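Asks: compute the structure for the input listed below.
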Amino acid sequence: MTNAIKGLAALAATLAATVATPALAELPATVRAMLDAAIANGNDAEIDAVAKFAKSTNPADADEIDALVSGHKAAVAAADEAQKREAGFFENWHGNGELGGFLTTGNSETSGVSAGLSLDKEGIDWRHKIRVLADYQRSDGVTTRNQWMASYEPNYNLSARLYIFGLAMYEKDRFQGFSDRITLSSGVGYRVIDSEAMTLDLKGGPAWRRTEWIALPATSKVNGLAGADFTWHISPALDFTNNAQGLWGDGNSTYSNTAALTAKLGGALSGRLSYGVRHETNPPIGTEKTDTVTRATLVYGF
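Replies: Numbering: from 1, shown residues only. Below you'll find the predicted structure:
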């Protein structure tokens, strides 16, 4: 069904472009061959580069060249929209997995591992984000870090920039004084910056959080939540991201920020260096308020 929709969309766009621009066939054969080859590869940057060169060498055919490129892009957009509308919940996910580890011997024996999984799905009205992160470390036979986090965030688009978000998050970090923590939230988000090179989302709303403290009675609190997600595509091979979140309320508030630099190494493989900091305003006695972690991981995209 999906392939049929794609085929019909592509055929319709091609016919429309042909009817609207009868002079298209007058393009020199070499120019037409170059454009056809670029379009067949499906790389927009390559198509635009070839079209720019073709118009500079054949200015009289600029309208025909633009029509050919526009027809292709319209077909691709129509097929992509149709495919998104037909896709089920478990289809069209993409993301990456990351893994890093270390081992030292000598004066101290330390081993650790950091692993993560990010999944994203972009639909017509919905966006979905799944995040899983784990850090584990032992030093001289003693566990010194055992941190887990998993979250699911659905977004429903109200307009091109405004959306409603939901959030379900689970955390476990005995070294911050709690064995289990569940956070549920919903609110409004707005995409302040929306370009090919850069995006910035701001969001906020109420949140309910239950914490199973190790040395204290469990608490259930209604908090306020605010967050900011920033992505900067510095170059085709280098990305910078920064994710900040604050949960504040009576008794204890939590503020966290993670900045990461990801560089493509070749194919689907990248290298990532990240720095995360989390601050608890009123943790249990004997627990540090601020916790930081630096990660160096290999990332595989899919």
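
Asks: all contacts plus neighbour counts: C-alpha atoms, from now on.
Replies: Fine.

Asks: and the one helix or strand residue 69 maps to, how far out from the chain middle?
Replies: Taking DSSP states H and E as the criterion, residue 69 maps to helix 62-86. Relative to its chain's centre, helix 62-86 lies at 25 Å (Cα atoms, centre = their mean, to the nearest Å).

Asks: swap in stretch 172-180?
Replies: For stretch 172-180, the separation from the chain centroid amounts to 27 Å (computed by Cα atoms, centre = their mean).

Asks: which outside residues touch that stretch?
Replies: Residues outside stretch 172-180 that contact it (Cα atoms under 8 Å, 6 or more residues apart in numbering): 144-149, 170-171, 181, 211-215, 283-284, 287-288, 291.

Asks: tell me which residues in it are buried?
Replies: Buried residues in stretch 172-180, counted by 16 or more other Cα atoms under 10 Å: 172, 173, 174, 175, 176, 177, 178, 179, 180.

Asks: average pLDDT for that stretch?
Replies: What stretch 172-180 shows for mean pLDDT is 90.

Asks: out of the buried residues of stretch 172-180, which sit inside strands?
Replies: Under the assignment DSSP state E, these contribute 172, 173, 178, 179, 180 to strands.

Asks: show me what the last one is bridged to.
Replies: Here residue 180 sits in beta bridges with residue 212, going by DSSP bridges.

Asks: same question, the one 5 residues further on
Replies: Beta-bridge partners of residue 185, counted by DSSP bridges, are residue 167, residue 207.

Asks: so what's the residue count around it?
Replies: Per other Cα atoms under 10 Å, the neighbour tally for residue 185 reads 20.

Asks: again, but for the one 4 residues further on
Replies: Residue 189 has 24 neighbours, counted by other Cα under 10 Å.

Asks: please enumerate the strands of the stretch 151-300 of the chain.
Replies: Secondary structure of the stretch 151-300 of the chain (DSSP state E, counting those that start in this stretch): strands at 162-173, 178-194, 198-213, 219-235, 238-248, 254-266, 269-280, 290-301.

Asks: closest to residue 90 out of these?
Replies: Closest to residue 90 of these, according to Cα to Cα: strand 290-301, at 17.6 Å.

Asks: next, the angle strand 254-266 makes with that closest one.
Replies: Note on geometry: by axes from the mean of the first three to the mean of the last three Cα atoms, to 10 degrees, strand 290-301 and strand 254-266 are set 30 degrees apart in direction.

Asks: ok, residues contacting strand 290-301?
Replies: Strand 290-301 is contacted from outside by 94-101, 114, 176, 268-280, using Cα under 8 Å, 6+ apart.

Asks: report how many residues lie close to residue 39.
Replies: For residue 39, the count of nearby residues is 19 (other Cα under 10 Å).

Asks: low-confidence ranges in the chain?
Replies: Scanning the chain for pLDDT under 70 picks out 1-26, 102-108.

Asks: tell me how it divides into domains.
Replies: 2-86, 94-301 (automatic domain parsing).

Asks: list the contacts for the residue most central in space within the chain?
Replies: The chain has residue 120 as the residue nearest its centroid, 6.0 Å off, counting by Cα atoms, centre = their mean. By Cα under 8 Å, 6+ apart, residue 120 lies in contact with 93, 94, 95, 127, 128, 129, 130.

Asks: ok, the fifth one - contacts?
Replies: With contact set as Cα under 8 Å, 6+ apart, residue 128 has these partners: 119, 120, 121, 122, 152, 153, 154, 155.
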